[in-house]
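Chemist: return a 3D structure for these sequence lines:
(2 chains)
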There are 2 protein chains.
Amino acid sequence: MIATAAKATLTLHHFELFRQIVGEKYVLADEESMLDYSHDETEDLHYLPEVVLKPRTTQEISAILKICNRDHIPVTPRGGGTGLSGGALPNLGGVLLSTERFNSIINIDERNLQVTTESGVITEVLQDAVKEKGLFYPPDPSSRGSCFIGGNIAENSGGPKAVKYGVVKDYVLNIEMVLPTGEIIWTGANVLKNATGYNLTQLVVGSEGTLGIVTKIVLRLIPMPKHDLLMLVPFRSAENACAAVSAIFSAGYTPSGLEFMERDALEWVSKFVDSSTLSIGLDVQAHLLVEVDGNNLDVLMQEIEGIAAIVSGYDCGEILFADDTQQKAELWKLRSRVGEAVKAHSIYKEEDTVVPRAELPVLLKGVKEIGKKYGFHSVCYGHAGDGNLHVNIIRGELTDEQWNGSVKDGIREIFLLVKQLGGTISGEHGVGLVQKEFMSILFNETQMRLMKEIKKIFDPNQILNRGKIFD
Amino acid sequence: MIATAAKATLTLHHFELFRQIVGEKYVLADEESMLDYSHDETEDLHYLPEVVLKPRTTQEISAILKICNRDHIPVTPRGGGTGLSGGALPNLGGVLLSTERFNSIINIDERNLQVTTESGVITEVLQDAVKEKGLFYPPDPSSRGSCFIGGNIAENSGGPKAVKYGVVKDYVLNIEMVLPTGEIIWTGANVLKNATGYNLTQLVVGSEGTLGIVTKIVLRLIPMPKHDLLMLVPFRSAENACAAVSAIFSAGYTPSGLEFMERDALEWVSKFVDSSTLSIGLDVQAHLLVEVDGNNLDVLMQEIEGIAAIVSGYDCGEILFADDTQQKAELWKLRSRVGEAVKAHSIYKEEDTVVPRAELPVLLKGVKEIGKKYGFHSVCYGHAGDGNLHVNIIRGELTDEQWNGSVKDGIREIFLLVKQLGGTISGEHGVGLVQKEFMSILFNETQMRLMKEIKKIFDPNQILNRGKIFD
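Modeler: Below you'll find the predicted structure:
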């Protein structure tokens, strides 16, 4: 669906000012470009911007925002455009501000295990650059090959390594950003510990581009672990697979990856990437992909054997131990492309539920029961070690009425269950446009008031990514 | 110094209301109690409250704050009273609200590796309780035996394990708090990943009791490592000791403790605790205390030997490897009581500087040069692995004029150096009363405006811990 353009707010004079700031080449208004920037990876949503701007410097962004703030022009910041909650959609028309030219890694500080980067650097490019120095930046979204590090900050991204190493928020030390007023600030200091005033850095992480436009980021790094081992475990019961997850942690193991995939997820992705790595037994309902990493291979062998012994108590099938780098890469590719495979299979809605890890079996059971009640099929997979389950609701043959009616009721019921289990409605995808109607399930009026008033402090004229997270 | 009481704001009617809320026994106004609660561990500062209240429930705190908010009565929250920046000092008189009766650990959730606790639980009590279940809560301030977990939240405390395991902010999942208006909220959810709205949890961590009174906390835990090894390394040059620190990390090691102590620090504390563990060579200027931990003793042996080889390249003396649990405890006791030993030795000012780790030698050299220039002696120690150096400026024979004049100028110069090195003025002690005059070194008007306006959102009548962090 392509939304009708919002009420026009830009004049010819604005276009002229923008050209003066960023140069003619970086002010786009042709139909094709507008279409290109009208969507991210969220379901089938499209909104047309009125202009796309591609500034190169923090000062250029500041100059743009000063004009937009003065004239109350909506601005939507955009990174790689891989978001799953509609955070980069120009839902109010106006300016779409792309950070794609902020693509320099400024400094890899090997002495301090830090990297300073611009926000438009592709996550995988950053990971590879620091890896060459023996360093490790663990947050690793499935879209690593095209998403930007700035977008990862906006969404507080996670990925499969989060279970051992944490999410983006655990690596961000300091952020340079432009406030909607055009003011430029750094949020913190380049240090591992900081007890100096309110933590503006952490307020910005996960704020979905609503508080300012991130231009530079200082990240801490850790030494790259020397070895890893990977295994794929089939289970005859999906709930048993989930139950095995918390048993692994209770036994004192901390895997560096612990991913859950329902049968459909693995089957669809195997076809999607045309992989012959796997033959999935007829009685298999779900898989766990388990990785351990560290510097000592003997210790890792003991760990993976210990974990294998635990999962064997949960009625699992024959475990596939990845033999070499290639097989590991193949298994990880299958996991990381599940989202695309689901998308290729059918229109879908993805819910990014997260609960305390031991509640996963209850959540999964509940999701299936709710699906039965409201008449939809779901494919679930995700970062089981974190309790983060991606619930993909498949459109299949559902009518418009069902899709926009009973399915939404079902989603609400899933979120009520999530809350009851001590969890929340997004672990790593954000609220954006598509989940904001469910925020009232989680937050009372006081909590919502605090958030909305924080937004106003940063953005008094409400120009930046307005309508995301809350109305 | 005991400050004169602030302008009285409380009426007999207020006392009557407070008695109705918390019970007669928990409303104190006698002179002795007022003196008891007039100070924390910050230098020699004292401020008398008008009344001390000891509520037992979140609802009681809510009722108290509603009254104080209505009548604009200053409220100072207090945990264990061990703070080093004056955060718990009732600088405006009024109500001192002690959380000492919030002393229950509500639930240790072994399935999810989480603990839910009230805020007045002593940190060591919490550590010990989870340790009994094989679980580990790493933040470990020197005052662990008397500080409260709620105070640790307020200051974003660290301690020696932070170098490997992070600080308080890395363990807090969810907080129940009472806003100054009396409203009660939870800040997040009990999950490891959360991308649902602004991170109120992280905004509260380190906010020094200015945004609300924390009543309950959900913390994540990790499995307790099975083994650790400890060594004490003497150096003939303090700068060399600091330089060895970043060499250890550059070689890929991540110690679980990496503490620096200048000669005076170790000598004074050895006398203070009457320890005969050490004889410090005449040519020794500083020590590093290095710990590694993990589950495999062979691996740890390799690590500690690897680290020993590295430090030997920095002109170190004979390394003392701790033989047994008792000797380890003795060495850690020496380290953790340095602060008290300095305090017993002389009136002092403690600065809690933090810089990127590799800049430590530059910082230390700068501190000594600035000391010479302004005529003061300093004793430095701290969490070198984090770049967190506690600079204790010794009063000794300095006159009042020097102490309040040139010493302050010197501190300002130290902080300017810290900023220049990419660091900040407090790593784990907070800004409180004593560092707020230096905030302008770090933050420009925009940053300060954002922080002050955030304060106003939470506390429109500015009743809670007013005058801390900023004016």
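Chemist: low-confidence ranges in chain A?
Modeler: Scanning chain A for pLDDT under 70 picks out the ranges A:1-8.
Chemist: gap between residue A:34 and residue B:463?
Modeler: The gap separating residue A:34 from residue B:463 is 51 Å, by C-beta to C-beta, to the nearest Å. (Each C-beta comes from the backbone N, C-alpha and C, glycine too.)
Chemist: right, is whichever strand or helix holds residue A:343 up against chain B?
Modeler: Assigned by DSSP states H and E, residue A:343 belongs to helix A:338-345. No. Under the criterion of C-beta under 8 Å from any C-beta of the partner chain, chain B is not reached by helix A:338-345; the shortest gap measures 15.8 Å.
Chemist: close to chain B: what parts of the stretch 251-400 of chain A are there?
Modeler: The stretch 251-400 of chain A has residues A:252-254, A:295-296, A:299, A:352, A:354-359, A:383, A:386-388 near chain B, with proximity defined as C-beta under 8 Å from any C-beta.
Chemist: now with 7 Å?
Modeler: Residues of the stretch 251-400 of chain A found near chain B (C-beta under 7 Å from any C-beta of the partner chain) are A:252, A:254, A:296, A:299, A:354-358, A:386-388.
Chemist: from these, which two are the most distant?
Modeler: Pairwise distances across those peak at 33.2 Å for A:296 and A:355 (criterion: C-beta to C-beta).
Chemist: and the two? Which one has more around it.
Modeler: Between residue A:296 and residue A:355, counted using other C-beta atoms under 10 Å in any protein chain shown, residue A:355 has the larger neighbour count: 29 against 18.
Chemist: so what's the residue count around the closest residue to residue A:427 other than its chain neighbours?
Modeler: Nearest residue to residue A:427, sequence neighbours excluded (C-beta to C-beta, 6 or more residues apart in numbering or on different chains): residue A:354, at 3.4 Å. Per other C-beta under 10 Å, the neighbour tally for residue A:354 reads 33.
Chemist: can you list contacts of stretch A:350-370?
Modeler: A:84, A:238-239, A:242-243, A:245-246, A:249, A:378, A:380, A:384-392, A:410-411, A:413-414, A:417-418, A:421-429, B:111-112, B:114, B:190-191, B:193 (C-beta atoms under 7 Å, 6 or more residues apart in numbering or on different chains).
Chemist: could you look up the SS state of the closest residue to chain B within the stretch 151-300 of chain A?
Modeler: Taking C-beta to the nearest C-beta, chain B has its nearest neighbour within the stretch 151-300 of chain A at residue A:202, 3.5 Å off. Three-state call for residue A:202 (DSSP: H, G, I helix; E, B strand; the rest coil): helix.
Chemist: that one - how many residues pack around it?
Modeler: 25.
Chemist: residues contacting it?
Modeler: A:169, B:199, B:202-203.
Chemist: rerun that using 6 Å as the cut-off
Modeler: For residue A:202, the contact set (C-beta atoms under 6 Å, 6 or more residues apart in numbering or on different chains) comprises B:199, B:202.
Chemist: wait, residue A:283 sits on residue A:235?
Modeler: No. The pair residue A:283 / residue A:235 is not scored as a contact, 9.6 Å apart, by C-beta atoms under 6 Å.
Chemist: more neighbours: the two, which one.
Modeler: Taking neighbours as other C-beta under 10 Å, residue A:283 and residue A:235 compare with residue A:235 leading, 24 against 11.
Chemist: report the secondary structure element holding the residue nearest to the more buried one when sequence neighbours are not counted.
Modeler: Nearest residue to residue A:235, sequence neighbours excluded (C-beta to C-beta, 6+ apart): residue A:241, at 4.0 Å. Element membership of residue A:241, judged by DSSP H and E, is helix A:238-250.
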